[in-house]
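[1] Model the following, please.
(one chain, ligands or ions: 1)
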Amino acid sequence: MINRQDSTAATHAQQDTATAPSGFREVLLSPGDCSGCGACTELAPDIVGWREGDERPFLVSDVAPDGVLTELMAFCPEGCFEDGNAS
Ligand code: SF4
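    Predicted coordinates:
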């Protein structure tokens, strides 16, 4: 009985990390072509951060509301953002 409950909990944990919550999308950042314009951090500072001295941004959160990810993808001039839930 205990093992069955543990197994169920583990399955739910795997599902939770594999999918973004409703209304949110997984954010993928591939800054290989990043020009360092900073638009992403100005647009979504809760999602994208920038450490002083770094040349490229980093993800503060790997999930974002649908609309925010759409804006990041539209405004990044180098196409560094992708929707991890699209495929
Ligand atoms: S918007 Fe794109 S190109 Fe500009 S800093 Fe962010 S990741 Fe780099």
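[2] Quick one: neighbours of residue 46, just the number.
    With neighbours defined by other Cβ atoms under 10 Å, the count for residue 46 comes to 10. (C-beta placed from N, C-alpha, C; glycine too.)
[3] pretty sure it contacts residue 60?
    Yes - proximity of residue 46 to residue 60 meets the contact threshold set by Cβ atoms under 8 Å, at 6.3 Å.
[4] helices or strands up against the strand of greatest length in the chain?
    The single longest strand within the chain, with elements called by DSSP state E, is strand 24-29. Contacts of strand 24-29 with other secondary structure elements, assessed using 3 or more Cβ pairs under 8 Å, 6 or more residues apart in numbering; DSSP states H and E, are made with strand 58-59, strand 63-65, helix 66-75, strand 81-83.
[5] let's see 7 Å
    strand 63-65, helix 66-75, strand 81-83 (3 or more Cβ pairs under 7 Å, 6 or more residues apart in numbering; DSSP states H and E).
[6] can you list the ones you listed in CSV and add mean neighbour count and mean pLDDT?
    Supplementary listing: the helices and strands packed on strand 24-29 in CSV, determined by neighbours: other Cβ atoms under 10 Å; pLDDT from 0 to 100:
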stretch, mean neighbour count, mean pLDDT
strand 63-65, 19, 97
helix 66-75, 16, 98
strand 81-83, 20, 97
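[7] Reformat these into CSV and put distance to the ligand next to each item.
    Supplementary listing: the helices and strands packed on strand 24-29 in CSV, determined by distance: least, Cβ to the nearest ligand atom, whole Å:
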stretch, distance to the ligand
strand 63-65, 13
helix 66-75, 6
strand 81-83, 7
